[in-house]
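1. My questions are about this predicted structure, shown below with the sequence.
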Amino acid sequence: MGSLQLPEILLIVGILLLIFGVGRISKIGGELGSGIKAFKDGLNGKTEEEKPKEEVKENDSKPQE
């Protein structure tokens, strides 16, 4: 009795789509993903100023045609 089966999950997802709409759910998902990424970067000690330097190093290492 404690586990959710496929029909129950589909019913919950359908109700959430009716309440929030597709656009708002995708926005929430994007914000959740960026929040998790910021949390992981914080654990690794990365800051906003360090990110562009890493991108420049990656771009410089690529061979140019």
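-> Right, received. Where do you want to start?
2. quick one: Ile25 from Lys40, how far?
-> Distance, Ile25 to Lys40, using CB to CB, to the nearest Å: 23 Å. Every C-beta, even on glycine, is put in place using the N, C-alpha and C of the backbone.
3. Of those two, which one has the most company?
-> More crowded of Ile25 and Lys40, by other CB atoms under 10 Å: Ile25, with 14 against 10.
4. which residues touch the more buried one?
-> Leu16, Leu17 (CB atoms under 8 Å, 6 or more residues apart in numbering).
5. Please, which helix or strand holds Ile9?
-> Per DSSP states H and E: Ile9 is located in helix 6-20.
6. What are the contacting residues of that helix?
-> Contact partners of helix 6-20, identified using CB under 8 Å, 6+ apart, comprise Leu4, Ile25, Ile28.
7. quick one: the helices in the chain?
-> Secondary structure of the chain by DSSP state H: the helices cover 6-20, 22-44, 50-60.
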